[in-house]
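Colleague: show me the folded form of this:
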Amino acid sequence: MARLLTSGFKFIWGIQTPEQLPEFFQKAEHQLPFIVFSGKSNSGKSTLINALTNHKGLARSSKTPGRTQQINLFTGELQLKTAQIQKKKILLADLPGYGYAKVPEKLKKNWGVLISSFFEGLPENTLNFITVDGRRGLDHLDLQLIEQFQYLNLPYCVVFTKADRLKTAKEKSKTKEHIKAFTDSTGAPAFQSPTELDKIKNLIITHSFGNET
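Modeller: Numbering: from 1, shown residues only. Alright, predicted model coming up:
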């Protein structure tokens, strides 16, 4: 069974305005396998990134929503251990969280333009993760993002986070209902985190290594 290890992940660049995007899309790093993380503020996005990269402080996780205020880009190496060790450098993007009411309207609008322009420039083989608090399910902002991915023909999946905080049978059942409703309506993959991190890693393996595995 393949085992995925991660190493050397580091911040390389922050994108704050749409005017910076052409320079980014011309960079050599843009040709690497690309994984993008989006989600509402306080949806567990940073925690997921840190868990997948085994780097606790890589993405800034905070109890204060709206802390990520630019597109943060990271590079690192995946090491796939099978009969031999295969290595692959990849690029990650951590996008500003959306839906936080206390962010000034002007900043929200600027983020919206930046993120829409960013998505429009992505290659179709980019893997997009949307983080959703599993206790609450998808709302209209998450659905708008999914519609944008569908329109741009970008592959995506949803990670229902904070599964470890589901304490009662009722809460767990409700989260399963959220997942079923999403997969039934879209046909896209869905996972729970942190309980299904291995499944998420397998998707990253398939995306990053392709037929090399």
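
Colleague: longest strand of the chain?
Modeller: The longest strand of the chain (DSSP state E) is strand 3-15.

Colleague: give me the contact list for that one.
Modeller: Residues external to strand 3-15 that are found in contact with it (C-beta atoms under 8 Å, 6 or more residues apart in numbering): 21, 24, 29, 52-55, 58, 70-82, 92, 114, 118, 201-202, 204-205. Quick note: C-beta positions are derived from backbone N, CA and C, even for glycine.

Colleague: parallel or antiparallel, list what pairs with the host helix or strand of residue 76.
Modeller: Here residue 76, judged by DSSP states H and E, is contained in strand 71-81. Strand 71-81 pairs in its sheet with strand 3-15 (antiparallel), strand 85-94 (antiparallel), by DSSP bridges.

Colleague: give the buried residues for it.
Modeller: When neighbours are counted by 16 or more other C-beta atoms under 10 Å, the buried residues of strand 71-81 are found to be 71, 72, 73, 74, 75, 76, 78, 80.

Colleague: how about stretch 22-36?
Modeller: 24, 30, 33, 34, 35, 36.

Colleague: show me how far that stretch is from its chain's centre.
Modeller: Computed by C-alpha atoms, centre = their mean, to the nearest Å, the chain-centroid distance of stretch 22-36 equals 16 Å.

Colleague: which strands and helices sit next to the least confident helix or strand in the chain by mean pLDDT?
Modeller: Counting by mean pLDDT, DSSP states H and E, the weakest-scoring helix or strand in the chain turns out to be helix 105-120, with a mean of 82. Here helix 105-120 touches helix 21-26, strand 71-81, helix 140-152, going by 3 or more C-beta pairs under 8 Å, 6 or more residues apart in numbering; DSSP states H and E.
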